[in-house]
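Chemist: Provided below for reference: sequence and predicted model.
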Amino acid sequence: MKKVLITGGAGFLGKRLAQAIDWADDILLADITEAENPHNGSRTTIADVSKPEDIARIVTPDITDVFHFGAVVSSGAEADFDLGMHVNLDGTRALLEACRALPYPPTVTFASSCAIFGSRGGELPSNAASRPESSYGIQKACGELLVNDYARKGFIRGVSCRLPTVVVRPGKPNLAASSFASSIIREPIHGHRATCPVNGDTKLWIGSVKSVIANFLKAHELAQAESLPTYRAFNSPGITLTIHEMVDALERAGGDPSLIDWDFDPSIDAIVSSWPAALDVSPELKIGFTQDTNFTEVIEDYRKWYLN
């Protein structure tokens, strides 16, 4: 019997992942708020991964697969150092310890981030060293190391999947520094105003919801392979676009760029500029990961999924 735990399950990625999983007998969405409109058959619970009593309640002996999205996002982790460390580092370690105590090694896929690389200009090689320049990036890099070592020791079957900036996110903006990348597309599509806090020539490494979910599941599949690289981390392929290029695609998709207010925020710009703008993902593409090719189509997919 396959029993799945998704932390951060009330978030849009957690819920979309649950919808994409067709092989589980049971799916539990755990988050600090109740997941709304869960996938048919999914159960929900309120749980905080930074609280040992909550972890003990959700990591039950029959759990076979864990997808760990639960985290304090980039701007939140930068603004509140202690909270970021407590949830993103201590919470991840506590979750892994609970998995280690299970009667058999569960398959664990950790949602890491391209923020672990830092910003060094140009396309980074696939095996680039981790040089994070933000608290969030550091916490995610530490999480990767923990997952790798717990897997090396045989406590879990685990991998990390480094996510790009995900666009287009539904709902309202959150504390992620990259939240504006979705809002400058989403709000004009709905006829509402949006604010862009960075310059138009800023480059982002982005991926659609569809490709990120597919790649996260591919990473989870690979975690169960008999042979894995010594360092068990994969880059979810993205594409590089400037903000101006994203806005041009918005206009081609029928959105109104005049609804975007350009209001530079140095604190947001500093975080976003600390992420790489491009990664060599040829190794991932060779083993079945997917990559978006047309951002206008990404916007159209958002229209079909959330507006129809």
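Modeler: Looks like it came in fine.

Chemist: Mind listing what's buried along the helix or strand containing residue 219?
Modeler: Per DSSP states H and E: residue 219 is located in helix 209-223. Neighbour counts over helix 209-223 (16 or more other CB atoms under 10 Å) mark 209-220, 222-223 as buried. Quick note: C-beta positions are derived from backbone N, CA and C, even for glycine.

Chemist: Looking at those residues, which is nearest residue 144?
Modeler: Distances from residue 144 to these, taken as CB to CB, are shortest for residue 219 (12.0 Å).

Chemist: ok, which stretches of the stretch 151-300 of the chain are helices?
Modeler: Secondary structure of the stretch 151-300 of the chain (DSSP state H, counting those that start in this stretch): helices located at 179-189, 209-223, 243-252, 266-272, 282-286, 295-302.

Chemist: can I get these in a markdown table with distance to residue 16?
Modeler: Converted to a markdown table, those look like this (distance: least, CB to CB, whole Å):
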| stretch | distance to residue 16 |
| --- | --- |
| helix 179-189 | 14 |
| helix 209-223 | 5 |
| helix 243-252 | 21 |
| helix 266-272 | 24 |
| helix 282-286 | 20 |
| helix 295-302 | 12 |
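
Chemist: just so I know, which of those lies nearest residue 129?
Modeler: helix 282-286 (15.8 Å).

Chemist: Quick check: mean pLDDT of the closest one?
Modeler: Across helix 282-286, the average pLDDT comes to 96.

Chemist: So which bits of it are buried?
Modeler: In helix 282-286, the ones that count as buried by 16+ other CB under 10 Å are residue 284.

Chemist: one step back: can you state the direction angle for the helix holding residue 219 and helix 295-302?
Modeler: 90 degrees (axes from the mean of the first three to the mean of the last three CA atoms, to 10 degrees).

Chemist: about what we covered before: ok, which of the helices of the stretch 151-300 of the chain comes nearest residue 132?
Modeler: helix 266-272 (11.0 Å).

Chemist: Of all the residues in the closest one, which ones are buried?
Modeler: In helix 266-272, counting by 16+ other CB under 10 Å, buried: 268, 271-272.

Chemist: again with stretch 66-79
Modeler: Of the residues in stretch 66-79, those buried (16+ other CB under 10 Å) are 66-78.

Chemist: where does the stretch 101-250 of the chain have low pLDDT?
Modeler: Counting by pLDDT under 70, the stretch 101-250 of the chain contains low-confidence ranges at 120-121, 174-175.

Chemist: Is residue 180 in contact with residue 202, as I believe?
Modeler: No - Residue 180 lies out of contact with residue 202 (CB atoms under 8 Å); the separation is 10.3 Å.

Chemist: Please say which of those two ends up with more neighbours.
Modeler: residue 180 (24 against 18; other CB atoms under 10 Å).

Chemist: Good, we can wrap up now.
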